[in-house]
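# build me a model from this:
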Amino acid sequence: MLYLIGLGLNDENDLTLKAIEIAKKCECFIELYTSVWKGSLDNLKEIIKKDIKILNRADLEENLELFIEKTKENDVALFVPGDPLAATTHIDIVYEAKRKKIPVKIIHNASIFSAIGEAGLQLYKYGKVATIPLSGKIKNVKDALKRNKRLGLHTLLLLDIDLENNIFMKVADAIKILLKKKVIKETDQIIAFSNAGGDSKLFYDSARGFKMKHIESPAVLIIPGRLHFREKDFLEVI
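Next up is the predicted model:
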């Protein structure tokens with residue numbers, strides 16, 4: 001059987017009691033390339049009293065079948081940052097396991113998609129999510145913002161990361177890209193949300209203001225759509 005276990009947004013202390021009990025009876029693996037995790041692998045091993053093998057991108061993408069084979073005869077747990085199904089890679093793992101008739105159990109945890117509730121905007125009013133890539137090519141961002149704006153929806157913009165090279169897109173750089181491509185105006189009001197799940201911080205300012213702000217990574221941007229009066233009230237106290 002395969003268990004996908006969410007680690008949450010910060011460290012090993014976010015692990016659920018259910019996850020700990022399941023992990024203790026499994027052969028355990030972890031991937032740390034799809035998202036940021038600030039925990040200690042040694043501490044995690046101590047909590048579950050088991051060894052944990054690190055898997056890289058090739059192990060779970062190019063060589064996925066080899067990993068799936070391990071789950072045919074044994075209970076296997078794969079720890080992943082955030083919530084297990086917030087990344088496409090993990091959905092592919094579930095699909096391949098189910099295709100081979102291997103039982104799969106998901107142990108959910110917090111992800112950025114739930115944590116953004118901290119910004120005070122109603123979750124059901126979010127539209128398509130997009131990522132601002134380090135390459136600066138933002139056609140998908142333009143399309144998402146245009147569609148969401150037309151519908152009055154909020155837009156969550158993820159900022160690209162390259163964990164293998166320890167590169168994080170900064171809020172100021174993301175704003176400059178959006179301004180250069182004329183996706184936003186300097187007077188547009190924007191929310192920045194950093195360190196979700198840890199020492200989280202919210203910022204609400206104009207695009208012009210964000211160009212000069214130093215905001216710790218990892219962070220996301222939220223472009224508000226049509227605001228309910230309660231949402232407006234909340235933004236005033238950020």
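# domain parsing for this protein?
The record, using automatic domain parsing to delimit domains, assigns the chain the ranges 2-110, 113-236.
# okay, helices next: where are they in this structure?
Ranges of helices within the chain are 17-23, 41-48, 57-60, 64-73, 88-99, 112-115, 139-151, 171-180, 207-210, 229-236, based on DSSP state H.
# these: which one's closest to D188?
helix 207-210 (5.0 Å; C-beta to C-beta). All C-beta spots, glycine's among them, are computed from the backbone N, C-alpha and C.
# ok now the closest one, how far from the chain's centre?
24 Å (C-alpha atoms, centre = their mean, to the nearest Å).
# save the domains of the chain as a markdown table, and put in mean neighbour count and mean pLDDT too.
Listed next are the domains of the chain as a markdown table, based on neighbours: other C-beta atoms under 10 Å; pLDDT from 0 to 100:
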| stretch | mean neighbour count | mean pLDDT |
| --- | --- | --- |
| domain 2-110 | 17 | 96 |
| domain 113-236 | 16 | 97 |
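# which of the helices of the chain sits closest to G6?
helix 17-23 (7.5 Å).
# packing partners of that closest one?
Judged by 3 or more C-beta pairs under 8 Å, 6 or more residues apart in numbering; DSSP states H and E, helix 17-23 is in contact with strand 2-6, helix 41-48, strand 76-80, strand 104-107.
# only C-alpha atoms, please: export stretch 2-21 in PDB.
The C-alpha coordinates for stretch 2-21 follow below in PDB (Å, rounded to 0.1, in the frame of the first residue of the first chain):
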ATOM      1  CA  LEU A   2       1.100   3.600  -0.700                       C
ATOM      2  CA  TYR A   3       0.600   6.400   1.700                       C
ATOM      3  CA  LEU A   4       1.200  10.000   0.600                       C
ATOM      4  CA  ILE A   5       1.900  12.000   3.800                       C
ATOM      5  CA  GLY A   6       1.700  15.800   3.800                       C
ATOM      6  CA  LEU A   7       4.400  17.600   5.900                       C
ATOM      7  CA  GLY A   8       2.600  20.900   6.100                       C
ATOM      8  CA  LEU A   9       4.100  24.300   5.500                       C
ATOM      9  CA  ASN A  10       6.800  24.700   8.000                       C
ATOM     10  CA  ASP A  11       8.600  21.900   9.800                       C
ATOM     11  CA  GLU A  12       8.300  18.400  11.400                       C
ATOM     12  CA  ASN A  13       6.100  19.800  14.200                       C
ATOM     13  CA  ASP A  14       3.300  20.200  11.600                       C
ATOM     14  CA  LEU A  15       3.000  16.400  11.100                       C
ATOM     15  CA  THR A  16      -0.300  15.000  12.200                       C
ATOM     16  CA  LEU A  17      -0.600  12.200  14.800                       C
ATOM     17  CA  LYS A  18      -2.300  10.000  12.200                       C
ATOM     18  CA  ALA A  19       0.700  10.500   9.900                       C
ATOM     19  CA  ILE A  20       3.200   9.500  12.600                       C
ATOM     20  CA  GLU A  21       1.300   6.300  13.500                       C
END
